[in-house]
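1. got a structure for you, letters missing:
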């Protein structure tokens, strides 16, 4: 889509069709109570972080290989550990902090600034990870403030309002094929969010968390097969460290959860 359309238009379509599909799905139950939020301000902030994560990631993959951008943004689970200390007041031991350091070493290997020019595009998925980690922390803070349906709807509704207000400044009418692909894009996003929420309603986070790394494996496969981006040794080594640090943080968290 971004080969034929402005990136901002593609991002807008992602939010627009996601909101449409979510609204139809939630409204099919016969109630529109999900439109009422107890904490609309916090919902807007949370939605803003998701908009930031989506926007920076889309711009990133328009400038660099999909696999590289995805691998870098997977530092987010480790960042949640680091940011939970000042934001949530949680206590983090030396071992999780060591995992944070290892994760950042992995990012440096993927970017390898000492062995070539550090492209500014590599900063975009790092911003994605920061926004995503703040989005996840906000999700944790708000889990008892609004229903899951309300939070699901406002996740993308906030971004849609912001992007629609800016639409006249970047609009370029898409082709019929682009409209079709945009519909698929937003629908796939909405379906993915629903399946994730459904999964977490059936199993604990400690069980499901490691499966998120299939996202990274899928992105690497698509990047190679569809776009012909062959990962180099730096990228593979860095990705291994990022995954390892993230899995270790998950493992430590699951142990703590079992003890409590």
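-> Yes, it's here. Owing to the predicted nature of the structure, the values given are computational and were not obtained by experimental measurement.

2. C-alpha only now, for contacts and for neighbours.
-> Noted.

3. how many other residues sit next to the nearest residue to residue 125 once chain neighbours are set aside?
-> The shortest distance from residue 125 to any non-neighbouring residue, by CA to CA, 6 or more residues apart in numbering, is to residue 73 (5.0 Å). A count of nearby residues for residue 73, using other CA atoms under 10 Å, gives 26.

4. Equivalent analysis for residue 107, please.
-> Residue neighbour count, defined by other CA under 10 Å, stands at 26 for residue 107.

5. Please enumerate the helices of the stretch 1-150 of the chain.
-> Secondary structure of the stretch 1-150 of the chain (DSSP state H, counting those that start in this stretch): helices located at 7-27, 40-61, 66-73, 76-88, 94-111, 123-141, 148-170.

6. Mean neighbour count, these: which tops it?
-> Most buried of these, by mean neighbour count (mean count of other CA atoms under 10 Å): helix 66-73, with a mean of 26.

7. Mean confidence (pLDDT) on that one, please.
-> On average, the pLDDT along helix 66-73 is 86.

8. now stretch 121-137
-> In the prediction, stretch 121-137 has an average pLDDT of 88.

9. Do I have it right that residue 131 meets residue 49?
-> Yes - contact criterion CA atoms under 8 Å: residue 131 and residue 49 qualify, at 5.1 Å.

10. Please report how far residue 52 lies from residue 135.
-> Here residue 52 is placed at a distance of 9 Å from residue 135 (CA to CA, to the nearest Å).

11. make that residue 54, sorry
-> Look at residue 54 and residue 135: by CA to CA, they are 11 Å apart.

12. Ok, residue 108 next?
-> From residue 108 to residue 135 the distance is 24 Å (CA to CA).

13. do the same with residue 223
-> Plainly put, residue 223 is 26 Å away from residue 135 if you go by CA to CA.

14. what about the closest residue to residue 5 other than its chain neighbours, how many neighbours?
-> Leaving out its chain neighbours, the residue that sits closest to residue 5 by CA to CA, 6+ apart is residue 174, at 6.7 Å. Residues lying near residue 174 (other CA under 10 Å) number 16.

15. Assign a three-state SS to residue 174, would you?
-> Assigned state for residue 174: coil (three-state reduction, DSSP: H, G, I helix; E, B strand; the rest coil).

16. Which residue, other than its chain neighbours, is closest to residue 63?
-> residue 121 (6.5 Å).

17. Which residues are in contact with that neighbour?
-> By CA atoms under 8 Å, 6 or more residues apart in numbering, residue 121 lies in contact with 60, 63, 64.

18. what's the closest of the residues you listed to residue 42?
-> residue 60 (27.0 Å; CA to CA).
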